[in-house]
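K.L.:
Fold the following for me, if possible:
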Amino acid sequence: MPELPEVETVRRGLQPAMEGSKILKAEARRKDLRFPFQKDFIARLEGQTVTGLGRRAKYLMADLTSGDVLLMHLGMSGSFRVLDGGTNNTPGQFHHPRSEDRAHDHVVFHMSSGASVVFNDPRRFGYMKIIARNALEDEPLLKGLGPEPLGNEFDAAMLARSCFNKKTSLKAALLDQRVVAGLGNIYVCEAMYRSHLSPRRLAATLATKKGEPTDHAGRLVNAIHSVLNQAIKAGGSSINDHRLTSGELGYFQHSFQVYDREGEKCQTKGCGGVVRRFVQNGRSTFWCPKCQK
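P.N.:
As a prediction, the model looks like this:
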């Protein structure tokens, strides 16, 4: 599933086509994706101008002049394609290839900017929902989300409070969207490696007995900031260079220090260990047992 940097890169790629433009026509070419479309889905979109395109965790959020918000989730295989003046661009690059099969073009937004924005999703795990902005706080899809990892409020103290007395592993805690929103398997593996923390250690070790942050919490938060910012910067560069990204592998994969590098030598200077893989909570975990403690 696309993670926060991929979704942020998609958001930045869609901004020029959607932000400030009116949805002249909207098409839903089937009755559902992961969930059924609302009965008034098309009616609440057509004629509305997108005043802003934001992101919350792994959700794209388009603010409309009506006061509604269009919530969009890419699911496992979803991607957007922008058709504009004969060009065909899929904003965002992903670790797993995106589909080019037009039979899976399920939603189309025809914008006053002249662009058509197409949502393609072969597995149909993505979804879209229109929510009144004044009802967002009570929306079940958003209500339980934790802080944004790149937000000002997310620091070592906040992470320590969230993990205080937790009996789960550190990796499981970081993947819990209630603890921190938007992190997924790839970037959790990378952040734990860069902070030299074992994915098997207890999440509670990020806090003292009084709930104050340990040095581990500080190192981990810095690593999360670093890896996410590096990934977003790489993705942003690919958009600024106007690269066609359909079917390409992830822009950040060449910077992976541990993820998907099983059997390779640990990149930590002087370590000499080897990257190992094991299954943890149904997900592949990549780590160096020698330097991650």
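K.L.:
can we go C-alpha only for contacts and neighbour counts from here?
P.N.:
OK.
K.L.:
For the stretch 1-150 of the chain, just list every one of the helices.
P.N.:
4-18, 140-143 (DSSP state H, counting those that start in this stretch).
K.L.:
would you turn those into a markdown table with distance to residue 233 and mean neighbour count?
P.N.:
As requested, those are exported to a markdown table (distance: least, C-alpha to C-alpha, whole Å; neighbours: other C-alpha atoms under 10 Å):
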| stretch | distance to residue 233 | mean neighbour count |
| --- | --- | --- |
| helix 4-18 | 9 | 23 |
| helix 140-143 | 26 | 12 |
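K.L.:
Mean pLDDT and distance to residue 41 added to these, as TSV?
P.N.:
Listed next are those as TSV, based on pLDDT from 0 to 100; distance: least, C-alpha to C-alpha, whole Å:
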stretch	mean pLDDT	distance to residue 41
helix 4-18	88	18
helix 140-143	94	17
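K.L.:
Compare those helices and give me the one nearest residue 32.
P.N.:
Checking those against residue 32 by C-alpha to C-alpha gives helix 140-143 as the closest, at 17.2 Å.
K.L.:
And the contacts of the closest one?
P.N.:
136-137 (C-alpha atoms under 8 Å, 6 or more residues apart in numbering).
K.L.:
Show the subsequent helix or strand relative to it.
P.N.:
Once the chain leaves helix 140-143, the next helix or strand it forms, by DSSP states H and E, is helix 156-163.
K.L.:
tell me, which helix in the protein spans the most residues?
P.N.:
In the chain, taking DSSP state H as the definition, the longest helix is helix 215-240.
K.L.:
coming back round to it: can you redo the helices of the stretch 1-150 of the chain as a markdown table with distance to residue 132?
P.N.:
Formatted as a markdown table, the helices of the stretch 1-150 of the chain follow (distance: least, C-alpha to C-alpha, whole Å):
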| stretch | distance to residue 132 |
| --- | --- |
| helix 4-18 | 19 |
| helix 140-143 | 13 |
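K.L.:
what's near enough to touch residue 70?
P.N.:
Neighbouring residues of residue 70 by C-alpha under 8 Å, 6+ apart: 61-64, 128-131.
K.L.:
sorry, that was for residue 288
P.N.:
With contact set as C-alpha under 8 Å, 6+ apart, residue 288 has these partners: 193, 258, 266, 273-276.
K.L.:
Right, I'll call it a day here.
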